[in-house]
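>>> got a predicted model here, sequence first, then my questions.
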Amino acid sequence: MTSFDSLWATTLDVGQHKSTRGYRRFAWNDADMTLREWFSDCARSRGMTVEEDRNGNLWAWWMPEGWDGDPRGAFVTGSHLDSVPDGGAYDGPLGVVSAFAAIDIVRARGIEPTRPVAVTAFSDEEGARFGVACVGSQLSTGVLAPGRALALRDNDGITLSEALLSAGRDPVHLGEDPDLVDRVGVYVELHVEQGRALDLIDRPVAVASSIWPHGRWQFVFSGEANHAGATRLVDRRDPMLAFASSVHTARSAAELHEAVATFGKIRVLPNGANAIPSEVRAWLDARAADEETLTKLVDQITAEAQAYAAADGIGLEVDAESVTPIVEFPQSTRERLRRSLAHLGDIPVLPTAAGHDAGILSAKVPTAMMFVRNPTGVSHSPDEFAEADDCNRGAEALADVMADWVCG
């Protein structure tokens, strides 16, 4: 059994729901805390020092022999450990497990680093609990203000500040990481592909070219609660109608703009089977190949939603919760990755429509991404999958990149 295989097996029962088979690893819940302990154990068993930074991100350090002083210019790799609701096993943890496995491979080759190496697990990448993605990396880069982050609430009304206190963390420390630029020489994130491009060309590993611009918008349709049986149709102010029409608009507008748009999360008040809703709160996820197209897409969906709301006599408020511009990974960085992997043959270079911590960090430090083949293309689902052979190839490829960087 390889290092990857043995490590991977230790993650599979953490946070998995028995009936759905999906994972519910949300920021600062029991599963997240267990995986944080797992991360620390993996690091310490390899003689690495462990640090949790001011924003809850985990760092495990492999320092060169005789290194004197703080980490500077490190080769950093990893991903995240949290999941979407009932998500798959691979999205996030694959990159963290592969990072530790890559260190084992590099050490087995007898390679000693000339610069620091770190494995990271960024906090709350999916945003499943508090609604904003990449909280840890956004805080570290200064994109997300601490005050706004701490006020975020989950579905039970618990704020991030309260969740941190319950987990034994002091929320007063949240904020931009002043040492990020100095200590990270490059961040390379390995991730399961969230699509079928590699399967269609029969390649196990790829390098990322870019991340589509994307964002989340909250739509609040406000009507009037009333009796579902006793209220005449002409007397109703039902926000569900405008919302339902907006769902169809999002799909047709996405097709028109050759983009994607999804209303995937809603909250209904009072949420009774025999009650007309007073409010429908819905979240739109929209992504496009360029920022101009994304803006046109969201503007169209918003304008048509406003028209539906006006026709039904209800209110509508739209708020952009997070918007991430396009990320073009530096050509010099990705070409260096391809040179490190040249012995594997021609390495495909692919864009992705999925957001990642690497995209957030790219504004501050050099970043790159690698993908491992997903034979079904399914992601954010219990059916997400990657073959064991491909996972091991991914860890080996990451080790090749690591060895090139730490010896260069």
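Here it is on my side, so go on. Residues are numbered from 1 along each chain as shown.
>>> for residue 283, which three-state class applies?
The assignment at residue 283 comes out as strand when based on DSSP: H, G, I helix; E, B strand; the rest coil.
>>> use 330 as the first number for this chain going forward.
New numbering, starting at 330: the last item is residue 612.
>>> what about the closest residue to it other than its chain neighbours, helix or strand, and which?
Closest residue to residue 612 in three dimensions, ignoring its sequence neighbours and counting by Cβ to Cβ, 6 or more residues apart in numbering: residue 594, at 4.4 Å. For glycine as for every other residue, the C-beta is placed from the backbone atoms N, C-alpha and C. According to DSSP states H and E, residue 594 maps onto strand 589-598.
>>> residue 336: neighbour count?
21 (other Cβ atoms under 10 Å).
>>> what does residue 551 give?
Neighbour tally, residue 551, other Cβ under 10 Å: 18.
>>> please name the residues that touch it.
Residues in contact with residue 551 (Cβ atoms under 8 Å, 6 or more residues apart in numbering) are 568, 607-608, 643-646.
>>> same thing but 7 Å
For residue 551, the contacting residues are 568, 608, 643-644, by Cβ atoms under 7 Å, 6 or more residues apart in numbering.
>>> do I have it right that residue 618 meets residue 541?
Yes: counting by Cβ atoms under 7 Å, residue 618 touches residue 541, with 5.9 Å between them.
>>> please identify which of those two sits among more neighbours.
residue 541 (24 against 16).
>>> and the strands in the stretch 630-737 of the chain?
Shown for the stretch 630-737 of the chain, the strands assigned by DSSP state E, counting those that start in this stretch span residues 644-653, 656-657, 678-681, 696-701.
>>> quick one: contacts of the strand holding residue 594?
576, 579, 582-583, 606-616, 626, 630, 682.
>>> just the ones of the residues you listed in helices?
The helices, defined by DSSP state H, take in 576, 579, 582-583, 626, 630 from those.
>>> just flag the most distant two among those.
576 and 626 (14.4 Å; Cβ to Cβ).
>>> of these two, who's got more company?
residue 626 (23 against 16).
>>> so what's that one up against?
582-583, 586, 588, 590, 615, 617.
>>> also residue 565?
555, 605.
>>> please report the distance of it from residue 350.
Relative to residue 350, residue 565 is positioned 40 Å away (Cβ to Cβ, to the nearest Å).
>>> now residue 602
Counting by Cβ to Cβ - residue 602 and residue 350 are separated by 28 Å.
>>> one step back: now, of the strands of the stretch 630-737 of the chain, which is deepest in the fold?
Neighbour counts (mean count of other Cβ atoms under 10 Å) averaged over each of these peak at strand 696-701, with a mean of 26.
>>> alright, I will stop here.
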